[in-house]
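[1] okay, sequence plus prediction incoming.
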Amino acid sequence: MFKSYDFCHPFPCTLPYSLAIVSSLRTLNKAVFLGRFVVVYPNSRPKRMNDFFVNDSGNKTLLAQMLSDFDTGIESISSKKKPLAEALRFMPDDQKNHFIDVLDKAIHDDDELHNSLEKGERKSIQLDNRRFILSMKNGELQAEELMMDHGNKGDLFGLLDESDGTQRLFDLVPAYEVVKGGRVILIDEVDRSFHSKLTEMYVRRYFELTKGKACQMICTTHDLNLMTLSLLRQDEIWFAERTAEHSTQLYSLSEFKTRSDKSILNDYVQGRYGAVPCILENDHEEG
């Protein structure tokens, strides 16, 4: 059974890719694969994101340190819980009060939502260019927001002020922690908004953090620079090719019995393994 994990937006996923990279640990148990499958779509968001990057004492976590390692320019991360009205002080009073009234009514009209907040669950909301985590304490709505310091404590960045690539890291770095629980995690378009070097580092860091653990990560990607036997085994690289019947065929690099010292990227670009887009030249004359 597939799980959307603690990520929002569990939309259906397709695989319209010419290349699929499978990055796996060697000790995966079949029962784990069938029962603990986690899917991260391109627009998925961790529901409890703040917990991954700031601990209860307000100090940044190991995962937060990784954001610096990925050359984001983030020096520190902070998050402070406030009453909702105080957190929304950036809004004009009339708009703020109207929003709080509408939100409060929506929560109390939805028994399931209200009960989940009362039990300590948290929900994510986005306003303008800011994202907040909502919770409830003694019947009062609380909000917290991650703020990033790029070297100027007087001018902090909200999450949505960050670049697309940095926002994507905030979505994917928590997967390192999730997969350690013996899960299989599927990341659709792992390279979206990433520099090629960053995508490679993300995969390498996965291997480092999960060494010896029974878990697996499966990624779809267009990044050809991941196609190297210094990073992945032959049976961990799979191709996806559209057939003449408009179905998709999946097959492994290991079927080609390629030498371990071979440059598989060059062979792929030359078409040896298939799964290369067939792009037609436009020879149509203007009428």
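    Okay, I see it. Numbers count the residues shown, from 1 in each chain.
[2] residue ranges with poor pLDDT in the stretch 151-287 of the chain?
    283-287 (pLDDT under 70).
[3] all helices of the stretch 151-287 of the chain, in order?
    Counting by DSSP state H, counting those that start in this stretch, residue ranges of the helices within the stretch 151-287 of the chain are 164-172, 174-179, 196-209, 264-269.
[4] most tightly packed of these?
    With neighbours defined as mean count of other C-beta atoms under 10 Å, these peak in mean count at helix 174-179, which reaches a mean of 21. Where C-beta positions appear, they are placed from N, C-alpha and C, glycine not excepted.
[5] wait, a strand at Leu67?
    No. According to DSSP: H, G, I helix; E, B strand; the rest coil, the state of Leu67 is helix, so it is not within a strand.
[6] separation between Phe157 and Phe90?
    The spacing between Phe157 and Phe90, counted by C-beta to C-beta, to the nearest Å, is 14 Å.
[7] likewise Ser260?
    57 Å.
[8] tell me the contacts of Leu253?
    Leu253 makes contacts with 234-235, 237-239, 264, 273, as judged by C-beta atoms under 8 Å, 6 or more residues apart in numbering.
[9] which among these count as buried?
    Buried members of these, scored by 16 or more other C-beta atoms under 10 Å, are 234, 237-239, 264, 273.
[10] ok, of the residues you listed, which one's closest to Leu186?
    Nearest to Leu186 among these, counting by C-beta to C-beta, is Trp238 at 12.7 Å.
[11] is it true that the closest one touches Ser254?
    No. Using C-beta atoms under 8 Å, Trp238 makes no contact with Ser254, being 9.2 Å away.
[12] hmm, back to that, in terms of neighbours, single out the busier of Phe157 and Phe90.
    Counting neighbours by other C-beta atoms under 10 Å for Phe157 and for Phe90 shows that Phe157 has the greater number, 18 against 10.
[13] what's the closest non-adjacent residue to the more buried one?
    Residue nearest to Phe157 in three dimensions, not counting chain neighbours: Met148, with 4.4 Å by C-beta to C-beta, 6 or more residues apart in numbering.
[14] what helix or strand is that neighbour on?
    According to DSSP states H and E, Met148 maps onto strand 146-149.
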